[in-house]
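Student: let me see the structure of the following:
(one chain, ligands or ions: 1)
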Amino acid sequence: MSDPNIGRLLDNRYQLVELLGKGAMGQVYLAKDVLLGGVSVAIKFLSQTLLNKKMRDRFEREATTSALLGQRSMHIVRVMDYGVNSDDVPFYVMEYLRGESLSDLISTSPLSIPRFINVTRQICLGLQCAHEGIEKDNRIYSIIHRDIKPSNILVTNDPTVGELVKILDFGIAKILADDSGQTNCFMGTLAYSSPEQMEGKELDNRSDIYSLGVMMFQMLTGKMPLQAETHTFGGWYKTHHHQSPRTFASVDPNLKLPKALETTIMGCLEKDPKNRPQSVNEIIKTLDPLSARFSHAQSIGQRIGQVLQTRPVVADPQRTDVPSLEEVCRLQSWPKDKPLAQIVFPQVLATSRETVVTLWVMLNKSEIQQRQFSTLYNKLYKNFLCMMSPHPMVLWLTVLYNREHGPRWLRCYLDLKTAKGQEMVRLLGQKGTYQILLFAVEEPQRCAQAISVRLNPSQCQLLQDWANSSQIINAAQPNLSKSLLKQEFEKLQPQILMKLQSDDPDTSFS
Ligand SMILES: Nc1ncnc2c1ncn2[C@@H]1O[C@H](COP(=O)(O)OP(=O)(O)OP(=O)(O)O)[C@@H](O)[C@H]1O
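Tutor: Next comes the predicted model:
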């Protein structure tokens with residue numbers, strides 16, 4: 001029977017396209033945000049069978065928790081809207097993640113060690129952010145996920161960014177120390193639940209660390225570390241309390257794991273929370289040095305391999321095998337889907353070490369050379385303008401200035417109501433830096449010059465504030481905000497030019 005919801009318009013804004021799946025709490029649909037030009041979103045509805053007051057509250061809490069956390073970490077699914085449909089069924093709107101769940105990913109074969117490190121590190125960053133907590137009524141509340149398992153991890157793939165991992169479903173998360181009436185009944189998934197969770201005890205971050213341990217074992221071997229005699233609450237209760245986890249060697253004798261990694265994963269599976277790593281940061285500390293050792297082969301892929309082969313490698317004891325950010329930028333080529341024209345566009349770039357915002361600029365080769373050679377007279381000006389109403393939008397302005405050749409204005413707009421725009425503004429604010437990648441029209445296959453730009457702390461703060469406040473503002477008429485920002489920019493242009501023409505050493509770059 002066809003789904004009567006398909007095609008429905010929700011809140012005059014979201015048109016349901018297809019059912020993505022059903023979970024314990026409800027259904028998730030792919031939808032189009034018609035107000036934002038048909039951008040894809042995912043909408044989760046609370047199941048009809050759970051429409052009681054307690055579940056409604058829990059569902060609303062899931063939405064609020066995810067919305068607050070999604071603002072703080074790019075490794076947690078972002079929630080943008082919450083509402084109730086005409087049948088009084090609550091729903092929330094999330095960014096749509098085009099990708100595969102970790103459970104699908106590992107159902108065919110376990111992950112290679114480099115891929116495991118890359119994926120796990122991102123899960124840990126998201127989880128650490130949740131454990132560090134959110135602010136509510138001037139207090140910090142730690143968030144425990146309580147249902148860490150492969151089907152709650154989504155891995156998206158972008159040809160430029162690489163694998164981006166997000167934690168889903170803070171459905172049973174509980175705000176620690178929030179005694180708003182949630183009972184301590186069992187919630188979670190039996191095979192991944194910690195012994196203390198099975199007992200219905202008060203949980204802390206170490207319960208998630210246990211579930212993460214089960215999941216990490218499974219990611220590397222394709223097998224579970226513990227096996228219950230019966231798939232019942234009683235069967236798993238006994239298993240989590242009394243069964244010793246299998247060793248990696250007994251499951252896969254060919255798997256050669258770094259000792260530190262093996263010790264950390266087995267530590268996560270300890271029955272007593274006191275004997276586990278006490279914070280996700282400890283796991284990240286194990287992964288980081290391994291990431292430097294393994295991940296260059298993985299995350300930047302074969303392209304780096306190709307280029308390193310053609311480059312003389314200078315023997316330098318300080319140098320690790322991981323390319324620097326500038327090297328990664330220089331290794332990029334102009335995307336095939338962009339015109340070979342003098343355009344500017346922003347892009348998030350993930351290296352094996354970090355994720356940064358980049359500004360891709362195409363100019364004529366002669367102009368790049370002119371600006372490069374007279375470095376003494378080169379200056380750089382950067383600024384951000386924001387318009388919250390009618391639609392939250394940021395104008396990101398960079399000016400390359402050369403005394404002889406004048407200004408080159410680089411402008412782009414970041415829409416704070418899109419996942420991409422939010423992510424960029426947030427990352428710019430958090431990192432306080434961005435990279436400009438200059439490409440010549442004549443040689444699009446390689447980046448001609450990479451320039452690192454630093455933002456001052458007040459700019460960073462402003463960007464973070466805009467990203468936060470835009471969440472509570474409704475989206476409307478993005479083009480109107482753009483044209484208002486353009487007018488603002490045109491008013492500012494002569495002043496910026498005067499500043500650049502003066503001898504202010506603050507703005508120079510080389
Ligand atoms: N933001 C999203 N973008 C794309 N797909 C999503 C998104 N959120 C959920 N899904 C997909 O929708 C389906 C249902 O998700 P949901 O979180 O409700 O259930 P589940 O995790 O499969 O089960 P349970 O909630 O019982 O653990 C899953 O296949 C999930 O991968």
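Student: how is the protein carved up into domains?
Tutor: Structural domains assigned to the chain are 9-95, 99-296, 329-507, following automatic domain parsing.
Student: relative to the ligand, which of these is closest?
Tutor: domain 9-95 (2.0 Å; C-beta to the nearest ligand atom). For the C-beta atoms, the positions are set from N, CA and C on the backbone; glycine is no exception.
Student: span of that closest one from start to end?
Tutor: In domain 9-95, first residue to last residue: 18 Å (C-alpha to C-alpha, to the nearest Å).
Student: ok now it, how far from the chain's centre?
Tutor: For domain 9-95, the separation from the chain centroid amounts to 19 Å (computed by C-alpha atoms, centre = their mean, to the nearest Å).
Student: same question for stretch 147-157.
Tutor: So, by C-alpha atoms, centre = their mean, the centroid of stretch 147-157 is 13 Å from its chain's centroid.
Student: anything in that stretch sitting right up against the ligand?
Tutor: Yes - judged by C-beta under 6 Å from any ligand atom, stretch 147-157 and the ligand are in contact via 151, 152, 154.
Student: with stretch 119-127 instead?
Tutor: No - Stretch 119-127 does not reach the ligand (C-beta under 6 Å from any ligand atom); its nearest approach is 13.7 Å.
Student: how about the residues of this protein near the ligand?
Tutor: 20-21, 23-26, 28, 42, 44, 77, 94, 96-97, 101, 151-152, 154, 168-169, 171.
Student: repeat the analysis, applying 5 Å as the threshold.
Tutor: 20, 21, 23, 24, 28, 42, 94, 96, 97, 101, 151, 169 (C-beta under 5 Å from any ligand atom).
Student: in a markdown table: the domains of the chain, plus mean pLDDT.
Tutor: Output for the domains of the chain, formatted as a markdown table (pLDDT from 0 to 100):
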| stretch | mean pLDDT |
| --- | --- |
| domain 9-95 | 87 |
| domain 99-296 | 87 |
| domain 329-507 | 86 |
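Student: JSON lines for those domains, including mean neighbour count?
Tutor: Output for the domains of the chain, formatted as JSON lines (neighbours: other C-beta atoms under 10 Å):
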{"stretch": "domain 9-95", "mean neighbour count": "18"}
{"stretch": "domain 99-296", "mean neighbour count": "18"}
{"stretch": "domain 329-507", "mean neighbour count": "17"}
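Student: surely residue 89 is in contact with residue 49?
Tutor: No - using C-beta atoms under 8 Å as the test, residue 89 is too far from residue 49 to be in contact (11.1 Å).
Student: ramachandran angles for residue 149?
Tutor: phi -160, psi 160 (degrees, to the nearest 10).
Student: how about it, what does it touch?
Tutor: When contacts are counted by C-beta atoms under 8 Å, 6 or more residues apart in numbering, residue 149 is found next to 103, 189, 191, 192, 211, 214, 215.
Student: JSON lines please, covering these and showing secondary structure.
Tutor: Shown next, in JSON lines, are these (DSSP: H, G, I helix; E, B strand; the rest coil):
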{"residue": "103", "secondary structure": "helix"}
{"residue": "189", "secondary structure": "coil"}
{"residue": "191", "secondary structure": "helix"}
{"residue": "192", "secondary structure": "helix"}
{"residue": "211", "secondary structure": "helix"}
{"residue": "214", "secondary structure": "helix"}
{"residue": "215", "secondary structure": "helix"}
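Student: quickly find the element holding residue 56.
Tutor: Residue 56 is part of helix 53-72 when elements are defined by DSSP states H and E.
Student: what's in contact with that helix?
Tutor: With C-beta under 8 Å, 6+ apart, helix 53-72 has contacts from 25-26, 46, 50, 76-80, 82, 90, 92, 94-95, 129-130, 134, 143, 169-173, 175, 182, 426, 467-468, 471.
Student: also stretch 430-441?
Tutor: Applying C-beta under 8 Å, 6+ apart, the contact partners of stretch 430-441 are 325-326, 329, 332, 334, 340-342, 349, 354, 356-365, 368, 398, 400, 410, 428, 446-457, 459-460, 464.
Student: next step: those residues restricted to helices.
Tutor: Under the assignment DSSP state H, the contacts of stretch 430-441 contribute 325, 326, 329, 365, 368, 428, 457, 459, 460, 464 to helices.
Student: for the second one, which non-adjacent residue is closest in space?
Tutor: Beyond its immediate neighbours in the sequence, the residue positioned closest to residue 326 (C-beta to C-beta, 6 or more residues apart in numbering) is residue 450, lying 5.1 Å away.
Student: columns distance to residue 255 on top of the ones in helices among the contacts of stretch 430-441, output as CSV?
Tutor: Putting these into CSV (distance: C-beta to C-beta, whole Å) gives the following:
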residue, distance to residue 255
325, 32
326, 36
329, 35
365, 50
368, 48
428, 40
457, 46
459, 47
460, 43
464, 42
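Student: which of those lies closest to residue 389?
Tutor: residue 464 (19.3 Å; C-beta to C-beta).
Student: that closest one against residue 416, yeah?
Tutor: No - using C-beta under 8 Å as the test, residue 464 is too far from residue 416 to be in contact (11.8 Å).
Student: hmm, residue 145 and residue 204 touching each other?
Tutor: No - look at residue 204 against residue 145 with C-beta under 8 Å: they stay out of range, at 11.9 Å.
Student: could I get the full set of strands for the stretch 401-510 of the chain?
Tutor: Ranges of strands in the stretch 401-510 of the chain, per DSSP state E, counting those that start in this stretch, are 406-415, 433-440, 443-454.
Student: nearest to residue 162, out of these?
Tutor: Among the strands of the stretch 401-510 of the chain, strand 433-440 comes nearest to residue 162, with 16.1 Å by C-beta to C-beta.
Student: just want the angle from the closest one to strand 406-415.
Tutor: With axes from the mean of the first three to the mean of the last three C-alpha atoms, to 10 degrees defining the directions, strand 433-440 sits at 120 degrees from strand 406-415.
Student: strand 433-440: how far from the chain's middle?
Tutor: Counting by C-alpha atoms, centre = their mean, strand 433-440 comes out at 22 Å from the chain centroid.
Student: name every strand pairing with that strand and say which way it goes.
Tutor: Here the strand partners of strand 433-440, with direction, are listed using DSSP bridges: strand 355-363 (parallel), strand 443-454 (antiparallel).
Student: centre of the chain to the shortest one, how far?
Tutor: By that I understand strand 355-363. 18 Å.
Student: contacts for that strand, please.
Tutor: Strand 355-363 has contacts (C-beta under 8 Å, 6+ apart) with 74, 161, 325, 329, 334-335, 338, 340-349, 396, 398, 408, 410, 412, 424, 427-428, 431, 433-441, 444.
Student: who's in contact with stretch 99-118?
Tutor: Outside stretch 99-118, the residues that touch it by C-beta under 8 Å, 6+ apart are 119, 149-157, 162-163, 165, 215-216, 218-222, 252, 257-258, 287, 290-291, 294-295, 297-299, 352.
Student: that should have said stretch 259-272, apologies.
Tutor: When contacts are defined by C-beta under 8 Å, 6+ apart, stretch 259-272 is touched by residues 195, 209-210, 212-214, 216-217, 220, 225-226, 240-241, 245, 247-248, 275-277, 282-283, 286-287, 289-290.
Student: for residue 344, phi and psi?
Tutor: phi -130, psi 140.
Student: OK, contacts around it?
Tutor: Counted by C-beta under 8 Å, 6+ apart, residue 344 has contacts 359, 360, 361, 362, 410, 411, 412.
Student: bridged to it, which residues?
Tutor: residue 361.
Student: please report how far it lies from residue 455.
Tutor: According to C-beta to C-beta, to the nearest Å, residue 344 and residue 455 sit 18 Å apart.
Student: and if you look at residue 193?
Tutor: To residue 455, residue 193 is 44 Å away according to C-beta to C-beta.
Student: which stretches in the stretch 51-200 of the chain count as helices?
Tutor: 53-72, 102-108, 113-132, 195-198 (DSSP state H, counting those that start in this stretch).
Student: that'll do, ta.
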